[in-house]
Every structure is written in structure tokens, then in C-alpha cells.
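In: Would you be able to build a 3D model of this:
(chains A and B)
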Amino acid sequence: MSDPNAITSVEAPSTLPGAEAPRGRGKSDKPRSLAGDAWIDLRKNKIFWVSIVLVLVILLMAIWPTLFTSADPRACTLANQHKGASGSAYFGYDFQGCDVFAKTVYGARNSIIVGILSTLLAGVIGLIFGLSAGYFGGATDAILSRGIDIMLGIPFLLGAIVLSNRLVTPQSDGVLAVTLTLGLLTWTSAARVMRSAVIASKNQDYVAAGRMLGAGSGRLMLRHILPNSIASFIVVLTILLGTNIASEATLSFLGVGLKNDAISWGISISEASPYARVATEPLVWPSIFLAATVLAFIMLGDAIRDAFDPKLR
Amino acid sequence: MDVVPGIDPRAPLLEVTDLHVEFRTQYGVAKAVNGANFWLSPGETLAILGESGCGKSVTAQAIMGILESPPGFITKGEIRYRGVDLLSRPEEQRRKVRANRIAMIFQDALSALNPVYNVGFQLSELFRMHRGMSRADSKKRAIELLDQVKIPAAKARINDYPHQFSGGMRQRVMIAMALALDPEVLIADEPTTALDVTVQAQIMGLLAELQQQRNMGLILITHDMGVVADVADRISVMYAGKVVEEAAVYDIYSRPAHPYTRALLESIPRLDMKGQQLNVIRGLPPALTDIPKGCAFNPRCRYAKDPCRSDPPPPAYAVAPHRTARCHYFREVLGE
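Out: Numbers count the residues shown, from 1 in each chain, chains lettered A, B, ... in the order given. Predicted coordinates:
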């Protein structure tokens, strides 16, 4: 194409008829967005369906526990202590004579509330830190990134024990305290992922093109960079949701999470563990539910990440 | 509509004077542009020609005000649009000049369009934000624009995403976006490099047609001598961040006044030289962190003598009216 005559000799009509004919617009030929492509991928993924069913069941359990059990988890009779499973109490009774099945079903609510709220909090903090560090760069990035490093340097359990002890008030059941503790301690990885995604899309031509067309910082950040960098961030959050539910159980097990009159899987496991050799059921069932919930959320996050990652397609 | 105060409609459309841009990196200071000078009038096409890394794109980014800073800094010079020195104006005013008065087309249209929005949204967003149009009106305008850049079935394609367009169609969308707000200056940064030859010709034809309709000034940045010969009125040849020769397109092709221009022209493959070895310019362009003393081209120049190898570098000699060359021996090069 270095021949000066090339263009004049080609004399191409400015539109070639038929070269780019309008395509038939059947239902199958609808324009597909990134999310549309991801959905087509997800539909074929068995892991996605397994995890989504599990997640829905657990959510239903949290919202509407009476759908699963008519027993009252707080109505305990000591006479039933460590009785085995039966037709009225599927998972048997624990040390206090409480229905283990009812306690497990009711325990979903606190686990889910703490998990979702703490993840949302972590997400908001991570988004603000990651987006501003990545977009503004330079000194802002240095300061915010060092802040993230410091947060990462705090040993999680130690930090959580200290923080939740400071935050909890004597009267409360500790849901708020645990939510804040987990939210404030776990946003760092989300922030880092967001920061790197923002840096990657900030240098794309379409951001320069946006600026060329007169877009300001706010518009560039929220309209052009954020939608292009949010995918991996959301995936990190779904995985974080799983681990936060597990962390709530850990803290409750250690006695610094939810207080005794609250019902949660962590507390149930903690209460049942001294009597594991006498009655295994009060220990095993909440553990299975906890593991299944965490696994379901992590699998869901994995499946979504795979669907949104163009490199795996 | 005056976008910024102080615009003088009689002043030249665009004037770049003694522009210096450098990149401060951890490996040293790269002097990307070292005194670029050129001007542009309405309806005129100025081609900026040069090898990779000679400061063409950086000059365009500096004019647009989209230079990544840091590491890029404009250290000296003026960019005057209708008499207004853009560099001395606050960012808010510069932002209004962009797109409204000066717009740019990028090399790779796919990466210059946002992948998560359909083209209709991206086009109509411009009208909604800059013109305050309603959703329905702005969409109508977007369809008109796509029609103007000759995208077939514009109405149906408005909801398509950038990746659903072919390379040529995508570049048309990019042109539509750049022209949406009727700019007076259009900078095209290698608009056809990513396209194949027949599509290149179509896009260049479209650009020329739109330019004529709108009486726009067009700055065409390219390394493709073929494209230049066909569409440009004047040419600025850049080397190591300096405009080494500026002249009307005919003058440059018939009688180059700078050894670099001459070497570029001689390196074009010609049909009558079939089977022979191609002429090349020996050596590489200088590293921008370490530009040779004197004339930057001297290590590769067959005309170079002692004065070329020492400072000061050759000034812009007036070869003829409206024609300059930065070479001490331009007469020799011209063959006088």
C-alpha cells in the first residue's frame, strides 16, 4: 500500500452493494451483549445449576423458615437431651433438648444476613478504594494501595476478635458487630482486583476516545471504566460471600461472634462439639449445611467468572 | 455558539507553534516532540508524515489534550484554535473545545468503542450530554449520522454492539462519533492502518467527501505515502519530533527539499523496479531519550557534513513561499 497510485486505481465505490447487507433479524440473531453471551454459557453449565438451586433453597430457608419446619427452635425440653433422630425431629435433639433440624433451618437466616451485608459493605469499601486508586493513579494510588497493604497485614482472626469485641454491645445479639467486623476486614482483595481491572481498562482507547469527545472524570469513571471492570470484582464478591459466612461461623464458634441467644450454625457447632462423642448429629448437620452453603456460593462465583471471562470461551 | 471566550473567527483555524512534549519515565526523559510547527485552514488537508515513533501521534494527543499526564508533559509551545491558546485555558474550557470544535479518529476503532454499550447508545450519549437532546431525538440524530457515514441499514444496526461490525464499518462508526458535534478540525490518527486496502480506499473517500461537505480542516497522521498523495493538500514531514519539511503535496513529491523526505520517497516500491532490491533508509530512527546533536537525521543522511553534526540544529529554511525545510543543504537536495 505504499504505491501512490493504489488508491486512485482501486476507485472503490464508497459502499459496496451487498457487502454488508442487512441481516435477517430473527429471534436467534438478536444483538448479544457480554451478559447475554455469559447467560448462554451459564445455561450449559451443570455446576451453575447445582449451585443456584442450593443457593435458592438456602435463601428460602432464611426468608421463610416455617416452610421447612413447624418446630420452634427455642422450645427446648431437657428431657429430650441427645435423643436420636425421629419422625418429629429429623436430626434429633441437642444437649439442651432443642430440635436440631429446627435450629439448623432457623440458623440460615443469621448466616445469610451476616454474609450478604458484610459482603456488601466490603464491596462498597473495595469499590471506592479500587476505583479511585486505579483511576487517579500516582500519589492517590500510592496512599490507597499502602492502606490496602496495611489492612492485609492484619492477621484476620486476631483483627476480627479485637474488632468484634470493641463493636459488640451487651444487649445486642451481635449481628451488627459481626457484619461490621467482617466488612471492615475483608474488602482488601476486592479492592485490589478492582484497582487492577480499572488500570487495565483506563488505558483502553475507548477511554481516550471518551475524553476526546468531551467526557469528564466522573462520566469516564462511572460510565466507561466501571462497566468494563466490574465483572471480576463481582466474582470476587460472590466468593467472599461464601468465606464470610464461614468466618461468621468461626467467630461464633470462638465465642466472639453472635451471642448465645442468637441462632446460628457457628454457635450450634460450637455448642455441640464438647459432646461430639455422645451425640454426633447436633455437630454434623449444621456443619454440613454450613459447608454446603459456602460451597454453593463459591461454585456460583466460579461459574459466573468462567462465563464472563472471554479468554476461556 | 461560543464554547470558550476569546474566539476570533478571523484568526487561523489551528496553529501549532514550537510544541515540545516530553515523557518523564524512570528510564530517562524521552523528548517525543521537539518544536513542531504547522497550521491548518478550513477545508484543507494537512498530512503529518513520518516513521513510527517520530512524534506524530503524540502531537495529535497534545492538540486534543488527551495526553496521559504523567508521564507526558507539554513543556513549551502554543496550540492556537481561532486565536485561543488552548494550553493556557483551564481544563473545563478545553473539554468544551474537544468534540465540539476539534475531534479525533483513532487508529483501531474496535478498541476505541466501548464494548459494553451498543453504538446507538454511544452516539446518542453525545447529543444528550452536549446538546441536551431527549432520548428519542438523540437516537434519531444517531441514525442520521450512521446514514451519513454510509452504514447500510443504519436503523437496524443502531442497536448492535461494536464487535458485531466489520473493521470498515467500525471505522465508519468512529468517524460518525467524531463528526457528531460538527467539529471544525478533525484529526485522523492513522485511520486506515488497521484496515485492508479496498476498505482503506473507501474510508479515505468517505473522509474526503465529509470534509468537503462540512469545510472541515483535516489533519491526517500517517506513514502511508500512497494515502497522502491522494488526499492531502500540504504535508508536514516529521522526524525525531521535529517538522523537517513542510510543503504543498505536489512540491514534495516532485522535488523534496529534505534528505529524509527524499529517502522516504525513494523507498516506495515501484512497479517499474520489479525484481530489484528495495531502497531502504539505513539505520533506525534515534531513541527519543538520546537524540543526536545537530540535525537529528545526520547519522543516516548521505548529504551530512560537519555542520550537521554539531549544534545548533538546522533552522527551518524558507525554501520557497510557504515551504520550509530544516536542512543546511536543501539546495543540494533539491538538485539546484
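In: Minimum distance to chain A, which residue of the stretch 101-250 of chain B gives it?
Out: Relative to chain A, the nearest point of the stretch 101-250 of chain B is residue B:153 (3.4 Å; C-beta to the nearest C-beta). From N, CA and C alone the C-beta is placed, and that goes for glycine too.
In: From residue B:8, how far off is that residue?
Out: As judged by C-beta to C-beta, to the nearest Å, residue B:153 and residue B:8 stand 44 Å apart.
In: May I ask you to confirm that residue B:218 belongs to a helix?
Out: No - under DSSP: H, G, I helix; E, B strand; the rest coil, residue B:218 falls outside any helix and is assigned strand.
In: Show me which residues of the stretch 151-300 of chain B sit near chain A.
Out: With the criterion set to C-beta under 8 Å from any C-beta of the partner chain, the stretch 151-300 of chain B comes near chain A through B:151-153, B:156-157, B:159-161, B:164, B:166, B:169, B:174, B:177-178, B:180-181, B:197-198, B:200-202, B:204-206, B:209, B:224-230, B:253, B:267-271.
In: What about those residues, which are in strands?
Out: The members of those all map outside strands under DSSP state E.
In: How far off centre is the longest helix belonging to chain A?
Out: Secondary structure of chain A per DSSP state H: the longest helix is helix A:100-136. Between the centre of helix A:100-136 and the centre of its chain there are 7 Å (C-alpha atoms, centre = their mean, to the nearest Å).
In: other SSEs contacting it?
Out: Contacts defined by 3 or more C-beta pairs under 8 Å, 6 or more residues apart in numbering or on different chains; DSSP states H and E place helix A:100-136 against helix A:46-63, helix A:138-153, helix A:175-185, helix A:188-202, helix A:226-254, helix A:265-272, helix A:281-308.
In: wait, which of those is closest to residue B:34?
Out: helix A:138-153 (25.9 Å; C-beta to C-beta).
In: how about low-confidence regions in the stretch 201-313 of chain A?
Out: Scanning the stretch 201-313 of chain A for pLDDT under 70 picks out the ranges A:260, A:309-313.
In: rerun at 80
Out: A:214, A:259-261, A:305-306, A:308-313 (pLDDT under 80).
In: Run a quick neighbour tally on the residue of the stretch 51-200 of chain A found nearest chain B.
Out: Residue nearest to chain B within the stretch 51-200 of chain A (C-beta to the nearest C-beta): residue A:138, separated by 6.8 Å. A count of nearby residues for residue A:138, using other C-beta atoms under 10 Å in any protein chain shown, gives 9.
In: Is it in contact with residue B:68, as I believe?
Out: No - applying C-beta atoms under 8 Å, one finds residue A:138 not in contact with residue B:68, separated by 11.3 Å.
In: so how far is residue A:159 from the closest residue to residue A:161 other than its chain neighbours?
Out: Leaving aside its sequence neighbours, residue A:161 sits nearest to residue A:256 (C-beta to C-beta, 6 or more residues apart in numbering or on different chains; 5.1 Å). Separation of residue A:256 from residue A:159 (C-beta to C-beta) stands at 11 Å.
In: higher neighbour count, these two?
Out: Per other C-beta under 10 Å, whichever of residue A:256 and residue A:159 has more neighbours is residue A:256, with 21 against 15.
In: part of a strand, is the more buried one?
Out: No - Residue A:256 sits outside any strand when classified using three-state DSSP, being coil.
In: show me what contacts the closest residue to residue A:264 other than its chain neighbours?
Out: Spatial nearest neighbour of residue A:264, excluding adjacent residues (C-beta to C-beta, 6+ apart): residue A:110 at 4.4 Å. Taking C-beta atoms under 8 Å, 6 or more residues apart in numbering or on different chains, we find residue A:110 in contact with A:175, A:248, A:258, A:262, A:263, A:264.
In: In contact with the most centrally placed residue in chain A, which residues?
Out: Centroid-nearest residue in chain A, with C-alpha atoms, centre = their mean: residue A:238, separated by 2.2 Å. Neighbouring residues of residue A:238 by C-beta under 8 Å, 6+ apart: A:297, A:298, A:300, A:301, A:304.
In: with those residues in mind, which one is nearest to chain B?
Out: Nearest to chain B, judged by C-beta to the nearest C-beta, of the contacts of residue A:238 is residue A:304 at 16.3 Å.
In: doesn't residue A:233 make contact with that closest one?
Out: No - the criterion here is C-beta under 8 Å, and residue A:304 misses it with residue A:233 at 11.5 Å.
In: picking that back up, against chain B, how distant is the residue nearest to the centre of chain A?
Out: Using C-beta to the nearest C-beta, to the nearest Å, residue A:238 is found at 20 Å from chain B.
In: Let me see the contact set for the closest residue in space to that residue that isn't next to it in sequence.
Out: Of all residues not flanking residue A:238 in the chain, residue A:301 sits nearest, at 3.1 Å (C-beta to C-beta, 6+ apart). Applying C-beta under 8 Å, 6+ apart to residue A:301 gives the contacts A:235, A:236, A:237, A:238, A:239, A:241, A:242.
In: Nearest to chain B among the residues you listed?
Out: Closest approach to chain B among the contacts of residue A:301 (C-beta to the nearest C-beta): residue A:235, at 16.3 Å.
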